[in-house]
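Trainee: Any chance you can model this:
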Amino acid sequence: MTPGPVRLTWSDAIGKRVRTGDPQAQTVPTLVAARQALEEAGDEFGLLAGRREVAAQLVDSFMEEAKVVYVIYKVWTEGFLDWLATQGVTQADRDAEIERLRHLLAWPDGRPLDPEASWAELGALAGALASGIRAYDLRMAEAQPRLDALAEGWRGLHDRYADLMAGVLAFVARRFGEARLEDCYRAVLEPYIQERYMVFDTRVTPYPDTLERNLYLVLEAMRAHMGGPRRDGEVDLEEHDDRWVVSFDPCGSGGRSMRGDTIEGTGSRVLAPYEFGVTQERHDWAWNETGICYYCAHCCLALEKLPMERWGHPVRVVDPPRWGGSADAPETTKRCTWTVYKTLDAIPASVYERLGHRRPELPVIQPPGPGDAPQER
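Mentor: Numbering: from 1, shown residues only. Now for the predicted structure:
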């Protein structure tokens, strides 16, 4: 992959600094873009010296993307534990389970998982790296390995935090039965839905006006999940006349969990010693499929079911992998795909029906062609 130059700008619509470029340009991992900017900048002042500032801003952007995921994981984990408290699970039992998971998910050097401490270390590393790049205090031979260390530090924390949540969800299922995961998720996801997804409410904002933001947030979020075979945030995008299809091989969260961790050489989180769980029964909050990992079910609720309940239409349509009985089964290793349809009438009736809903009656609207894709800022 040889990406073109990546730049950043402020977005009033999203309320933060964003990357420029069309949807295909957004598939380039921010980590890859930062490496390229460093290579182009060199160590001397000159015409390309500005690429140092771009590289520094991309380090900042990498951490902004990671921050979104980190905060979600932090808030959700606390929410799951609070929900357990409302169901009568004692503080001692909750603490014991978290302590068990912290040691199960220890770092390769044996340190138990401590998300807050690890995030603070990453923040210090990123700040020093960006400052050193800007001030010419770091030569490229020094900056590149520090960037790699930052990426590896986030990958390790991201994966362990995703596993921690999956472990807590498995605890919920063991204690109360997997059907109660819906109650747990609904209680915990509500603030997240209000903050991140109510902007897609078509009763307030016409569907065409949501497409640019929708596709941007998909690509931004999945870069932060560090998916792809190299775990650098690789995302694939195909455009069709009526839709964009984003895919991950694997997704850095649920997909990696089911397949196992190829970077650290650990096994599928479905199997011992993890046993984080997949659906044994069919539920409309998990696409009415068995073999859906408990963590992945939040995509069904947040992107499809809850939006259908509230304003009638999904935000995105997900086709997830399913546990096929082993880490290398075809069902387990299939790509996860997210589809953003260009018009509401392009969304198939089957998308609604698999969750027990009916497709609303809509007028037929001619979808825009491939050349009419919304342009990023």
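Trainee: end-to-end on stretch 299-313?
Mentor: With Cα to Cα, to the nearest Å applied, stretch 299-313 spans 14 Å between its terminal residues.
Trainee: So which bits of it are buried?
Mentor: Neighbour counts using 16 or more other Cβ atoms under 10 Å place 299-308, 311-313 of stretch 299-313 among the buried residues. From N, CA and C alone the C-beta is placed, and that goes for glycine too.
Trainee: and which of those is nearest Arg203?
Mentor: If you rank the buried residues of stretch 299-313 by distance to Arg203 using Cβ to Cβ, Trp311 comes first, at 5.0 Å.
Trainee: Report the separation between Arg322 and Pro330.
Mentor: 10 Å (Cβ to Cβ, to the nearest Å).
Trainee: Of these two, which one has the most company?
Mentor: Arg322 (21 against 10; other Cβ atoms under 10 Å).
Trainee: Going by secondary structure, the more buried one is in what exactly?
Mentor: For Arg322, there is no host helix or strand (DSSP states H and E).
Trainee: Start at 56, not 1
Mentor: Renumbered: residue one is now 56, and that last one reads Arg377.
Trainee: ok, it touching Cys351?
Mentor: No - using Cβ atoms under 8 Å, Arg377 is not in contact with Cys351, being 9.1 Å away.
Trainee: any chance of the buried residues of stretch 354-368 in JSON lines, plus distance to Glu133 and secondary structure?
Mentor: Shown next, in JSON lines, are these (distance: Cβ to Cβ, whole Å; DSSP: H, G, I helix; E, B strand; the rest coil):
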{"residue": "Cys354", "distance to Glu133": "20", "secondary structure": "helix"}
{"residue": "Cys355", "distance to Glu133": "22", "secondary structure": "helix"}
{"residue": "Leu356", "distance to Glu133": "18", "secondary structure": "helix"}
{"residue": "Ala357", "distance to Glu133": "18", "secondary structure": "helix"}
{"residue": "Leu358", "distance to Glu133": "22", "secondary structure": "helix"}
{"residue": "Glu359", "distance to Glu133": "25", "secondary structure": "helix"}
{"residue": "Lys360", "distance to Glu133": "23", "secondary structure": "helix"}
{"residue": "Leu361", "distance to Glu133": "20", "secondary structure": "helix"}
{"residue": "Pro362", "distance to Glu133": "24", "secondary structure": "helix"}
{"residue": "Met363", "distance to Glu133": "27", "secondary structure": "helix"}
{"residue": "Trp366", "distance to Glu133": "28", "secondary structure": "helix"}
{"residue": "Gly367", "distance to Glu133": "32", "secondary structure": "coil"}
{"residue": "His368", "distance to Glu133": "31", "secondary structure": "coil"}
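Trainee: and the nearest residue to Glu289 once chain neighbours are set aside, what is it in contact with?
Mentor: Nearest non-adjacent residue to Glu289, counting by Cβ to Cβ, 6 or more residues apart in numbering: Gly283, 2.8 Å away. By Cβ atoms under 8 Å, 6 or more residues apart in numbering, Gly283 lies in contact with Pro84, Glu289, Val290, Phe303, Asp304, Pro305, Gly307.
Trainee: Now the two most distant members of the residues you listed.
Mentor: The widest separation within the contacts of Gly283 (Cβ to Cβ) is 14.7 Å, between Pro84 and Pro305.
Trainee: Looking at Pro422 now. What's its pLDDT?
Mentor: pLDDT, Pro422: 46.
Trainee: same thing with Thr82?
Mentor: Model confidence at Thr82 (pLDDT) stands at 95.
Trainee: what's around it, how many residues?
Mentor: Thr82: 20 neighbours (other Cβ under 10 Å).
Trainee: how far away is it from Arg390?
Mentor: 14 Å.
Trainee: Next, Trp393: secondary structure please.
Mentor: strand (DSSP: H, G, I helix; E, B strand; the rest coil).
Trainee: give me the number of residues near it?
Mentor: Neighbour tally, Trp393, other Cβ under 10 Å: 25.
Trainee: how close does it sit to Asp67?
Mentor: For Trp393, the distance to Asp67 - Cβ to Cβ - is 26 Å.
Trainee: which residues of the chain fall in strands?
Mentor: 63-66, 71-74, 291-294, 298-303, 372-374, 391-396 (DSSP state E).
Trainee: who wins for proximity to Val227 among those?
Mentor: strand 372-374 (21.6 Å).
Trainee: Show me what the closest one is packed up against.
Mentor: strand 391-396 (3 or more Cβ pairs under 8 Å, 6 or more residues apart in numbering; DSSP states H and E).
Trainee: ok, the strand it packs on: who's next to it in the sheet?
Mentor: strand 298-303 (antiparallel), strand 372-374 (antiparallel) (DSSP bridges).
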